[in-house]
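In: Sharing a model that was predicted from the sequence below.
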Amino acid sequence: QLQLVESGGGLVQPGGSLKLSCAASGFTLDNYAIGWFRQAPGKEREGVSCISSNGLGTKYADSVKGRFTISRDNAKNTVYLQMNSLKPEDTAVYYCAAGRFIIRSMCPFNNYNYWGQGTQVTVSS
């Protein structure tokens, strides 16, 4: 069974850091681009960051550029999202998703096939 499991969420003070993990089971991530998305209460889901299947391409939402870093470890079948300088507006449920795209060095913020259940990130003092 193909599954993505997010972990690493929690409560952190403004300015703090968290590292989210997205672990795959039932398939290998080597051929998949991975995206991180978030959805805050009352808001639409938005793309936060993504990394291409070959690891050469990354993308970040303007709101997180310079603060978040995405990386992948294919040996561990896991993708990470390091989040620094967190702000209250980063509070949301964070989801990872996997998708296969023709251009292996690119990743979009749409057309992902597999989704995790999400992990809550709360930034509050």
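Out: It's in.

In: what's the distance between the spatially most central residue of the chain and residue 125?
Out: Nearest residue to the geometric centre of the chain (Cα atoms, centre = their mean): residue 36, 2.4 Å. As for residue 36, its distance to residue 125 is 24 Å (criterion: Cβ to Cβ, to the nearest Å). In this view, the C-beta of every residue, glycine as well, is placed from N, C-alpha and C.

In: about what we covered before: would you mind confirming that the residue nearest to the centre of the chain is in contact with residue 20?
Out: Yes. Between residue 36 and residue 20 there is a contact at 7.1 Å, judged by Cβ atoms under 8 Å.

In: Give the residues shared as contacts by the two.
Out: Shared contacts of residue 36 and residue 20 (Cβ atoms under 8 Å, 6 or more residues apart in numbering): 81, 94, 96.

In: what's whichever strand or helix holds residue 121 in contact with?
Out: Using DSSP states H and E, residue 121 falls within strand 119-123. Contacting residues not belonging to strand 119-123 are listed as 6-14, 16, 18, 20, 38, 83, 86-94 [Cβ under 8 Å, 6+ apart].

In: Please name the bridge partners of the closest residue to residue 77 other than its chain neighbours.
Out: Among residues not flanking residue 77 along the chain, residue 24 sits closest, at 4.9 Å (Cβ to Cβ, 6 or more residues apart in numbering). Taking DSSP bridges as the rule, residue 24 bridges to residue 4.

In: and if you look at residue 10?
Out: residue 121.

In: In terms of pLDDT, where does it sit?
Out: According to the prediction, residue 10 has pLDDT 98.

In: go on, residue 14?
Out: Looking at residue 14, its pLDDT reads 98.

In: ranges for the strands of this structure?
Out: Using DSSP state E, the strands of the chain run over residues 3-7, 10-12, 18-25, 33-39, 46-51, 58-60, 68-73, 78-83, 92-99, 114-115, 119-123.
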